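Student: Show me the folded form of this:
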Amino acid sequence: MSDVAVLGLGAMGSALAAALLDGGHHVTVWNRSDGRSAPLAARGAAVAATAAEAIRAAPVTVVCLIDDAAVRETLVAVPGHTLVNLTNSTPAQARDLAGWAAGQRMAYLDGGIMAVPPMIGSPAAFVFYSGAADTLERHRGLLARFGTIEYVGADPGRAAVHDLALLTAMYGMFGGFLHAAALLRAEGIPVAGAEPLLTRWLIAMSGALPQTAAAIDADDHTTTTSAVRMQALAYPHLLDASRERGLHTGLVEPMGELLKRAVEKGHGDADLSVLATLLRGN
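Tutor: Next up is the predicted model:
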């Protein structure tokens, strides 16, 4: 018997398996296509011919596949087994899979990895987990091999919520940066030269996040700085300058539309945090 099985040997799954081997665990691995397992086998991992064989070779299975459909196609029921699903999915998919596992008398943890593969096993990596707390505690030593454990509650969908929320913020940041880079390049300004200023500005603005979060939770959008109306008036300049240079504005138009809508709904004197209420349909 191995300590743990790993299903899926893409870049992330291979990094997870390698971290377990680094920690001295006996690992069985499986991948749908051939060729991915050789480096891990050379380090001592057992290679299963099928996913079912891998699952039955260990008391715990870590799953990291392309999507929820692939997970459903791959899993087999093994009563008493623990399933740790680190596949990117939605909260509803996580809850549904947890229900399936419970029906098979299997313990279930859902996870969201906040790292790129080279970060796995380092202090910079952290992983959200949700599901039964006692299941997490039984396997804490094993799961800690991947990075810092962030337990977010018994609801199996909570890890996916946190994962997708952080990814949303990340893509918003990168989307803004990429549009800024395109605008600079269109004006003949090297992006690398302006990057320190962009980074400095983003860090400075991130300081407003705790206050913004508190305002959203309290539903108190009183502002002492820049009201929505002022920002709604200034925002079109960003779009106009971009269009003058022939840039596609798809990454930045939605924010301008939301600011305009906030003013139309009577929120012109409110803080930017009020936009979260509009996103909820209020």
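Student: Mind checking the pLDDT average for the biggest helix by length in the chain?
Tutor: Taking DSSP state H as the criterion, the chain has its longest helix at helix 158-186. When pLDDT is averaged along helix 158-186, the result is 97.
Student: by contact count, what packs against it?
Tutor: helix 91-103, strand 107-114, strand 126-131, helix 191-206, helix 228-244 (3 or more Cβ pairs under 8 Å, 6 or more residues apart in numbering; DSSP states H and E). To be clear about C-beta, it is placed using only N, CA and C from the backbone, and glycine gets the same treatment.
Student: between those, which one is nearest to G8?
Tutor: Closest to G8 of these, according to Cβ to Cβ: strand 107-114, at 12.1 Å.
Student: and that closest one with helix 91-103, angle?
Tutor: Put simply, strand 107-114 runs at 150 degrees to helix 91-103, going by axes from the mean of the first three to the mean of the last three Cα atoms, to 10 degrees.
Student: Can you report phi and psi for the closest residue to P79 other than its chain neighbours?
Tutor: Counting by Cβ to Cβ, 6 or more residues apart in numbering, the nearest residue to P79 once its immediate chain neighbours are dropped is R105, at 4.1 Å. Main-chain torsions, R105, degrees, to the nearest 10: phi 60, psi 40.
Student: Which per-residue confidence value corresponds to R105?
Tutor: For R105, pLDDT reads 98.
Student: and if you look at N282?
Tutor: Per-residue pLDDT puts N282 at 69.
Student: Likewise for T223?
Tutor: T223 carries a pLDDT value of 86.
Student: in the stretch 1-150 of the chain, what spans have low per-residue confidence?
Tutor: Scanning the stretch 1-150 of the chain for pLDDT under 70 picks out the ranges 1.
Student: what ranges do the helices span in it?
Tutor: For the stretch 1-150 of the chain, helices defined by DSSP state H, counting those that start in this stretch occupy the ranges 11-22, 38-42, 51-56, 68-74, 91-103, 133-138, 140-143.
Student: Would you mind giving those helices as CSV with mean neighbour count and distance to P254 added?
Tutor: Output for those, formatted as CSV (neighbours: other Cβ atoms under 10 Å; distance: least, Cβ to Cβ, whole Å):
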stretch, mean neighbour count, distance to P254
helix 11-22, 21, 30
helix 38-42, 13, 43
helix 51-56, 20, 41
helix 68-74, 16, 27
helix 91-103, 18, 23
helix 133-138, 14, 37
helix 140-143, 16, 37
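Student: closest to A262 out of those helices?
Tutor: Comparing the helices of the stretch 1-150 of the chain against A262 with Cβ to Cβ, the closest turns out to be helix 91-103 (27.3 Å).
Student: The closest one packs against which elements?
Tutor: Counting by 3+ Cβ pairs under 8 Å, 6+ apart, the packing neighbours recorded for helix 91-103 are helix 68-74, strand 82-85, strand 107-114, helix 158-186.
Student: Identify the residues contacting L198.
Tutor: Shown here is L198, whose contacts under the criterion Cβ atoms under 8 Å, 6 or more residues apart in numbering are F177, A180.
Student: And for F126?
Tutor: M114, A115, G147, T148, I149, E150.
Student: okay, now I113: neighbour count?
Tutor: A total of 23 residues lie near I113 under the criterion other Cβ atoms under 10 Å.
Student: what's the closest non-adjacent residue to it?
Tutor: Spatially, and ignoring its direct neighbours in sequence, I113 is nearest to V127 (5.2 Å; Cβ to Cβ, 6+ apart).
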